[in-house]
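1. I would like the atomic coordinates for the input below:
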Amino acid sequence: MKCQFSPFVGPFVVVLCAASYGKNHKDKREIQISKQHPPEWQQLWYSNIEEFQKLIEPVIDNNTVTNMTVQLGNTAFLHCRVRNLGERTISWVRRRDWHILTFGLLTFTNDERFQMLHAEGSEDWTLQIKYVQKRDNGTYECQVSTSTGIMSHFVNLNIVVPEAFILGGPGDHHVDIGSPIHLICVIEKSPQPPQYVFWYHNSKMINYDTARGGITVETDPSPRTQSKLTILDTAEADSGNYTCSAPNTVPASILVFVSEGDTMAATSRRKSSCGSAIDVMLWFVALPLMTLTIR
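-> As a prediction, the model looks like this:
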């Protein structure tokens, strides 16, 4: 059997085949295999045109809203996975001011903290924000145009600022001379434990104060990090403001007074007794005046 394929003529395809059935008998037949318009040809493979459109239209893997929490100063990675992108382009938009941040691999902002991350052949288009600040808090939209409109994926970015507080504060902390100072700092609202915690006496960092000696800092990193400061053999010079600080964290402070306990008690008693004596004297002066006034 010999077959000859004719070239494409408009939208039609014609296949001619010739078959020989004997030495003196030839039967030539023209068999039309397909003579249909493209949509009908597509329906040989797809149950309907809508199914075909679904296969060639972009698809965002996650078309719901994603909530993301990032600590102040860290890097945020906002992911958007799109299949069947074809020749279309992904854009990231900041909904707060409708600012187009990226279009494809191009960045449309002077803020160098923003960058599009995309590997060739990958379906992931990631918006990277370095050193996030409080102002970065808000909603970001990944969008792509389709034949039926715009398809979007939203990311709610929440910037958290860890906070520190010292147990027993705020207020004053009194210590007798020679007694140790024990201060415990707790850091909350931190998605990631801080890499280090620094203690300051007034404006001087004392974590590694070998000249003073007798100072130890013990830090237990956890979702609720605790750092314990211990100062032995205290003297009046150890009085002052003590501050607990960690990276990108609101610090905490407390005032510590170091003095002799007996002296403080005696001073308090003297103030009390002096106040009582003055009250008695005023009463003896005021009583005669009140009597004269009545008369």
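2. list the residues that contact residue 190.
-> 71, 160, 162, 223, 225, 246, 249 (C-beta atoms under 8 Å, 6 or more residues apart in numbering). To be clear about C-beta, it is placed using only N, CA and C from the backbone, and glycine gets the same treatment.
3. same question but for residue 171, I mixed them up
-> 254, 255.
4. quick one: pLDDT of it?
-> pLDDT recorded at residue 171 is 74.
5. same check on residue 58?
-> So, for residue 58, pLDDT stands at 74.
6. now for it: which residues touch it?
-> Here residue 58 is in contact with 82, 83, 84, 85, 86, 88, 144, 146, 151 (criterion: C-beta under 8 Å, 6+ apart).
7. among these, show me the least confident.
-> Scoring the contacts of residue 58 by pLDDT puts residue 146 last, at 81.
8. show the buried residues in the contacts of residue 58.
-> 82, 144, 151 (16 or more other C-beta atoms under 10 Å).
9. which helix or strand contains the last one?
-> Right, residue 151. Using DSSP states H and E, residue 151 sits within strand 149-160.
10. using PDB, write down the CA coordinates of that strand.
-> Output of strand 149-160 as PDB, limited to C-alpha atoms (Å, rounded to 0.1, in the frame of the first residue of the first chain):
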ATOM      1  CA  GLY A 149      -9.300  38.400  33.900                       C
ATOM      2  CA  ILE A 150      -6.600  38.700  36.700                       C
ATOM      3  CA  MET A 151      -5.700  35.800  38.900                       C
ATOM      4  CA  SER A 152      -4.300  36.700  42.300                       C
ATOM      5  CA  HIS A 153      -2.700  35.200  45.400                       C
ATOM      6  CA  PHE A 154      -2.600  37.400  48.600                       C
ATOM      7  CA  VAL A 155       0.000  37.300  51.400                       C
ATOM      8  CA  ASN A 156      -0.700  39.100  54.700                       C
ATOM      9  CA  LEU A 157       2.700  40.000  56.100                       C
ATOM     10  CA  ASN A 158       2.800  40.600  59.900                       C
ATOM     11  CA  ILE A 159       5.900  42.200  61.300                       C
ATOM     12  CA  VAL A 160       6.400  41.400  65.000                       C
END
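11. strand partners (parallel or antiparallel) of that strand?
-> strand 65-71 (parallel), strand 138-146 (antiparallel) (DSSP bridges).
12. per-residue confidence for the residue lying closest to residue 237 once chain neighbours are set aside?
-> Setting aside the residues directly before and after it, residue 237 is nearest to residue 258 in space (C-beta to C-beta, 6 or more residues apart in numbering), at 7.9 Å. Looking at residue 258, its pLDDT is 95.
13. could you do residue 1 as well?
-> 46.
14. same check on the one 3 residues further on?
-> Confidence per residue is given as pLDDT, and for residue 4 that number is 42.
15. going forward can the numbers begin at 55, since that is how I track them
-> All set: I'll call the first residue 55, so the last point we hit is now residue 58.
16. for residue 222, list the residues it contacts.
-> 237, 238, 308 are the contacts of residue 222 under C-beta under 8 Å, 6+ apart.
17. tell me the contacts of the first one?
-> Under the criterion of C-beta under 8 Å, 6+ apart, the contact partners of residue 237 comprise 220, 221, 222, 227, 253, 282, 283, 296, 298, 308, 310.
18. distance of it relative to residue 281?
-> Residue 237 is 9 Å from residue 281, where distance means C-beta to C-beta, to the nearest Å.
19. show me whatever sits in contact with both of these two.
-> Counting by C-beta under 8 Å, 6+ apart, the common neighbours of residue 237 and residue 281 are 253, 298.
20. returning to what we had before: turn the contacts of residue 222 into TSV, columns for secondary structure, pLDDT and distance to residue 153.
-> Converted to TSV, the contacts of residue 222 look like this (DSSP: H, G, I helix; E, B strand; the rest coil; pLDDT from 0 to 100; distance: C-beta to C-beta, whole Å):
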residue	secondary structure	pLDDT	distance to residue 153
237	strand	96	45
238	strand	96	44
308	strand	95	43
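21. which of those residues lies closest to residue 177?
-> residue 238 (48.6 Å; C-beta to C-beta).
22. what's the closest non-adjacent residue to that closest one?
-> residue 221 (4.5 Å).
23. so that neighbour touches residue 227, yeah?
-> No: counting by C-beta atoms under 8 Å, residue 221 stays clear of residue 227, with 10.1 Å between them.
24. hang on, the earlier thing: what's the ChimeraX line that selects buried ones from the contacts of residue 244?
-> Here is the ChimeraX selection string for the buried members of these, based on 16+ other C-beta under 10 Å:
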select :125,214,216,279,300,303
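25. done for today, thanks.
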